[in-house]
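> Would you be able to build a 3D model of this:
(chains A and B)
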2 protein chains.
Amino acid sequence: MEEIKALVDNAETADLGFLDSEGMPQVRRVFCTCHKGVGRHLISTNTSSMHVQELLKNGNACLYFADGDKFQGLCLTGQAVCHQESFYREKLWHEGDEMYYPGGVTDEDYCVLEFIAEKGRFYGNLGKGDVTSEMLESWDDGAEWIGPA
Amino acid sequence: MEEIKALVDNAETADLGFLDSEGMPQVRRVFCTCHKGVGRHLISTNTSSMHVQELLKNGNACLYFADGDKFQGLCLTGQAVCHQESFYREKLWHEGDEMYYPGGVTDEDYCVLEFIAEKGRFYGNLGKGDVTSEMLESWDDGAEWIGPA
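Numbers count the residues shown, from 1 in each chain, chains lettered A, B, ... in the order given. This next block holds a predicted model:
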């Protein structure tokens, strides 16, 4: 559990998996530095991007954290939800984001994806194993949003 | 096209997207250093691994190459095929692989996935765009297997 927590906390990016309109798997690398425990993650992104548009139609998603040097990987599967509320917008807004969202923090093309894990699978040096929903629930009991750094 | 070719040729790893038996997207990081043009890639892996077992049932897959420093990404979608023939086994075998496959190059748990792209999408500094099947066909005309290094 400590290893998994460190993998998530030390990550700057993660890989978001989703399905396109033809049902094919797709992957995009996303900045992912705001976590609530192991199971919930916030990702700021463009509303108009293909991944947001596809996830609005089908929220089934995965979020993959990897540390190549340690040969560790965690693939969480669950749901992605698109937030437009100011709580999320302001939480993830950085100075300089105007470059991507000229309208600022209320830009219609700015949104925040929340990934909510249902379960997962962990790969490490010492083997691999399932992360069950019960494990996520017990680990994340009482967790608060931490980040972005 | 030069940018896309360099992204693929310089990659040591890529992210393989596939669907699990529940229809959820999944991602695994894989070593990917043997390419035929932009559209075909060989990946050595364990026959018993979840991604091989799921891909044998449903070959729909994607292969995502990313260069974080250059903010570039290429997501190819297509089919993954599992090869057991000695041509592929020997091509990807490395000294030291006995650590993973005690039976050597003919170990039943050793196999080679071939990813065959149908199309893709590229993200770079200067914008994004579709990679069509016609583009892949023209780029890869006459290409030979190159790698692993």
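
> Tell me who's in contact with the residue most central in space within chain A.
With distances taken as CA atoms, centre = their mean, A:His41 lies nearest the centre of chain A, 4.3 Å away. Applying CB atoms under 8 Å, 6 or more residues apart in numbering or on different chains, we find A:His41 in contact with A:Val8, A:Ala14, A:Cys32, A:Cys34, A:His35, A:Leu63, A:Glu114, A:Phe115. From N, CA and C alone the C-beta is placed, and that goes for glycine too.

> just the helices in chain A please.
A:2-10, A:50-57, A:86-92, A:133-139 (DSSP state H).

> Isn't A:Glu114 up against A:Tyr88?
Yes - in this structure A:Glu114 lies within contact range of A:Tyr88 using CB atoms under 8 Å: 7.3 Å.

> Which neighbours do these two have in common?
Common neighbours of A:Glu114 and A:Tyr88 (CB under 8 Å, 6+ apart) are A:Leu42.

> Give me the more crowded residue out of those two.
The neighbour comparison of A:Glu114 against A:Tyr88 (other CB atoms under 10 Å in any protein chain shown) goes to A:Tyr88, with 21 against 17.

> and that one, what does it touch?
A:Tyr88 neighbours (CB under 8 Å, 6+ apart): A:Leu42, A:Val112, A:Glu114.

> Rebuild those as CSV, extending it with distance to chain B and pLDDT.
Formatted as CSV, these follow (distance: CB to the nearest CB, whole Å; pLDDT from 0 to 100):
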residue, distance to chain B, pLDDT
A:Leu42, 19, 97
A:Val112, 20, 97
A:Glu114, 17, 98
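
> So which of those residues sit within strands?
A:Leu42, A:Val112, A:Glu114 (DSSP state E).

> Find the nearest non-adjacent residue to the last one, please.
In this case it means A:Glu114. Excluding the flanking residues, the one nearest A:Glu114 by CB to CB, 6 or more residues apart in numbering or on different chains is A:Val81, at 4.8 Å.

> That neighbour: how many residues sit nearby?
Neighbour number of A:Val81 under other CB under 10 Å is 15.

> same deal with A:Val30?
18.

> pretty sure it is touching A:Ile43, no?
Yes - proximity of A:Val30 to A:Ile43 meets the contact threshold set by CB under 8 Å, at 4.7 Å.

> Please identify every residue contacting each of these two.
A:Ala14, A:Leu16, A:Leu113.

> Just give me the closest of those to A:Lys57.
A:Lys57 lies nearest to A:Leu113 out of these, by CB to CB, at 13.8 Å.

> partners of the closest one in the sheet?
Beta bridges link A:Leu113 to A:Ile43, A:Cys82, judged by DSSP bridges.
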